[in-house]
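Colleague: sequence first, then the predicted structure:
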Amino acid sequence: QVQLVESGGGLVQPGGSLRLSCAASGNIVSRIGMAWYRQAPGKQRELVAFITGIGITNYVDSVRGRFTISRDNDKRAVYLQMNNLKPEDTAVYYCNLGIGTTSGNYSPWDYWGQGTQVTVSS
């Protein structure tokens, strides 16, 4: 049974920062691809960033330069450092496991966390 548990969301003012964490447990390979998705009210879930098992990263254009994804293979954890947050970053953020490629593509597996709410508002 694979479980993903996210944490670190909250309310922050525009320009502020948050760090999301996701801990994975269960029967998974330590170097599996990991990603963060988000879903805003009334919108489809979108891929925000992913990191491959060997540390290759990719980001959606709207967060590039502001967000940084990282991982700790020993802890089976993935993190998302979010800086200079904007109101349009408001969403529920989900952790995911899957396969990322060096060409910049990511294929999610059906393993999701419960999500953590990020609200950017003054």
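Modeller: Received the coordinates, thanks.

Colleague: which residue is nearest the middle of the protein?
Modeller: Trp36 (2.1 Å; Cα atoms, centre = their mean).

Colleague: gap between the residue of the chain most remote from its centre and Gly16?
Modeller: Each residue of the chain has a distance to the centre, and by Cα atoms, centre = their mean the biggest one is for Ser122: 23.4 Å. Using Cβ to Cβ, to the nearest Å, Ser122 is found at 10 Å from Gly16. Heads up, the C-betas are built off the backbone N, CA and C, glycines and all.

Colleague: got a pLDDT number for the nearest residue to Arg76 once chain neighbours are set aside?
Modeller: Residue nearest to Arg76 in three dimensions, not counting chain neighbours: Ala24, with 4.3 Å by Cβ to Cβ, 6 or more residues apart in numbering. Ala24 carries a pLDDT value of 92.

Colleague: check which helix or strand Ala24 maps to.
Modeller: According to DSSP states H and E, Ala24 maps onto strand 18-25.

Colleague: for the protein, which spans come out with low pLDDT?
Modeller: 30 (pLDDT under 70).

Colleague: and the helices in it, which stretches?
Modeller: Taking DSSP state H, the chain contains no helices at all.

Colleague: can you show me the strands along it?
Modeller: Taking DSSP state E as the criterion, the chain contains strands spanning 3-7, 10-12, 18-25, 33-39, 46-51, 57-59, 67-72, 77-82, 91-100, 106-112, 116-120.

Colleague: looking at these, which is buried most?
Modeller: Of those, the one with the most neighbours on average (mean count of other Cβ atoms under 10 Å) is strand 33-39, at a mean of 24.

Colleague: what is it packed up against?
Modeller: Applying 3 or more Cβ pairs under 8 Å, 6 or more residues apart in numbering; DSSP states H and E, we find strand 33-39 packed against strand 18-25, strand 46-51, strand 67-72, strand 77-82, strand 91-100, strand 106-112.

Colleague: before we move on, back to that, contact partners for the residue nearest to Arg76?
Modeller: Ala24 makes contact with 2-4, 34, 76-78, 95, 97 under the criterion Cβ atoms under 8 Å, 6 or more residues apart in numbering.

Colleague: using CSV, write down the CA coordinates of stretch 19-31.
Modeller: The C-alpha trace of stretch 19-31 is given here as CSV (Å, rounded to 0.1, in the frame of the first residue of the first chain):
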residue,chain,number,x,y,z
ARG,A,19,7.8,25.0,1.7
LEU,A,20,5.7,21.9,1.0
SER,A,21,6.8,18.5,2.0
CYS,A,22,5.6,15.0,0.9
ALA,A,23,6.5,11.8,2.6
ALA,A,24,6.1,8.5,0.7
SER,A,25,5.7,5.1,2.3
GLY,A,26,5.0,1.6,1.1
ASN,A,27,6.4,-0.6,-1.5
ILE,A,28,8.0,1.9,-3.8
VAL,A,29,11.4,2.2,-5.5
SER,A,30,13.4,4.9,-3.8
ARG,A,31,14.4,6.6,-7.1
